[in-house]
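J.: curious how this folds, go ahead:
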Amino acid sequence: MSDQEAELRDRIVRLGRSAEALGLVMHAQGNLSCRVPDTDLVLITPTHIPYSELEPGDLVTLDLRGRKVRGRHSPSSESSTHLLAYRAHSGVGGCVHVEPPYLNALYCVGEQLPNILGNFVYLFGGKGLAVAPPMASGSEEFAERSLAAMGDRHGVVWQNHGLFCVGRDIRLAFERCVAAEQAARVYYLTLALDAGRPAPIPPEVQTEMIRAARRLV
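T.: Reported below is the predicted structural model:
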């Protein structure tokens with residue numbers, strides 16, 4: 001195993017534990033993966049192992065067609081969606097699926113998350129989240145419908161299930177999940193105040209926010 005792969009394994013485990021600490025997942029929910037740069041290999045979390053017990057050696061190595069290259073566990077049941085994202089978009093280097101409670105609550109009742117926070121606007125390029133209707137996950141059909149719904153956006157809500165985000169690396173995909181749940185919490189709290197719905201940030205301000213943030217990175 002290369003030093004690069006070992007570092008990526010450590011990163012996935014750390015982010016998985018962070019996801020649980022932040023309330024984005026519970027126990028063994030969700031899944032995380034990253035592509036090993038300059039290869040056709042993907043590291044992905046196994047199925048049914050709690051993040052509190054997950055170790056770097058528990059991750060599963062797959063090729064882009066889903067063949068197991070290395071690992072003693074079964075890969076995540078939603079690995080087909082991760083793999084399709086890598087095959088369909090060469091710029092994707094990481095994928096994260098979480099089950100955030102505030103975001104799930106909003107979309108379960110038919111709400112959609114508007115662009116009300118600057119960080120959410122920037123990390124999703126002002127495009128917000130796509131929505132895929134309820135469907136049993138884990139199949140190639142589910143993966144295809146998810147990616148078709150997502151289009152050129154960076155994240156898709158699996159209605160009555162959770163959130164799937166992509167990024168040039170796994171850290172960015174994770175940051176997008178965090179930003180979406182943060183915005184969902186704020187939106188939820190504004191609705192609880194019963195003082196009217198929060199107005200989205202004006203489009204021209206969103207554009208300037210994106211430009212300004214890009215100048216800083």
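J.: what number of residues lie near the residue nearest to Phe124 when sequence neighbours are not counted?
T.: Distance criterion Cβ to Cβ, 6 or more residues apart in numbering; nearest residue to Phe124, sequence neighbours excluded, is His154 at 5.3 Å. For the C-beta atoms, the positions are set from N, CA and C on the backbone; glycine is no exception. By other Cβ atoms under 10 Å, the residues close to His154 number 22.
J.: specify the beta-bridge partners of Val60.
T.: Beta-bridge partners for Val60, by DSSP bridges, are Ile44.
J.: now do the SS call for Val166.
T.: Of the three states, Val166 takes strand under DSSP: H, G, I helix; E, B strand; the rest coil.
J.: same check on Cys34?
T.: Three-state assignment for Cys34 (three-state DSSP): strand.
J.: so it touches Asp169, yeah?
T.: Yes. Using Cβ atoms under 8 Å, Cys34 is in contact with Asp169, at 6.8 Å.
J.: now do the shared contacts for these two.
T.: 93-94 (Cβ atoms under 8 Å, 6 or more residues apart in numbering).
J.: Arg9 versus the residue nearest to Phe124, what's the distance?
T.: His154 sits 24 Å away from Arg9, going by Cβ to Cβ, to the nearest Å.
J.: go on, Asn104?
T.: According to Cβ to Cβ, Asn104 stands 29 Å off from Arg9.
J.: same question for Ala184.
T.: Using Cβ to Cβ, which is the criterion applied here, Ala184 is 30 Å from Arg9.
J.: ok, what's across the strand from His97?
T.: Asn31, Phe164.
J.: measure it to His82 for me?
T.: From His97 to His82 the distance is 8 Å (Cβ to Cβ).
J.: report pLDDT for the residue at minimal distance from the centre of the chain.
T.: Centroid check for the chain by Cα atoms, centre = their mean gives Cys165 as the closest residue, at 2.8 Å. Per-residue confidence (pLDDT) for Cys165: 99.
J.: this structure: helices as residue ranges?
T.: Counting by DSSP state H, the chain has helices at residues 3-21, 79-88, 101-108, 118-123, 140-150, 170-192, 203-216.
J.: with just CA atoms, put the shortest one into PDB.
T.: Below are the C-alpha coordinates for helix 118-123, written out as PDB (Å, rounded to 0.1, in the frame of the first residue of the first chain):
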ATOM      1  CA  GLY A 118     -23.400  32.500   2.100                       C
ATOM      2  CA  ASN A 119     -21.400  29.300   2.700                       C
ATOM      3  CA  PHE A 120     -24.100  27.200   1.200                       C
ATOM      4  CA  VAL A 121     -24.300  29.500  -1.800                       C
ATOM      5  CA  TYR A 122     -20.500  29.400  -2.400                       C
ATOM      6  CA  LEU A 123     -20.000  25.600  -1.800                       C
END
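J.: return the distance of it from the chain's centre.
T.: Chain-centre distance of helix 118-123: 15 Å, with Cα atoms, centre = their mean, to the nearest Å.
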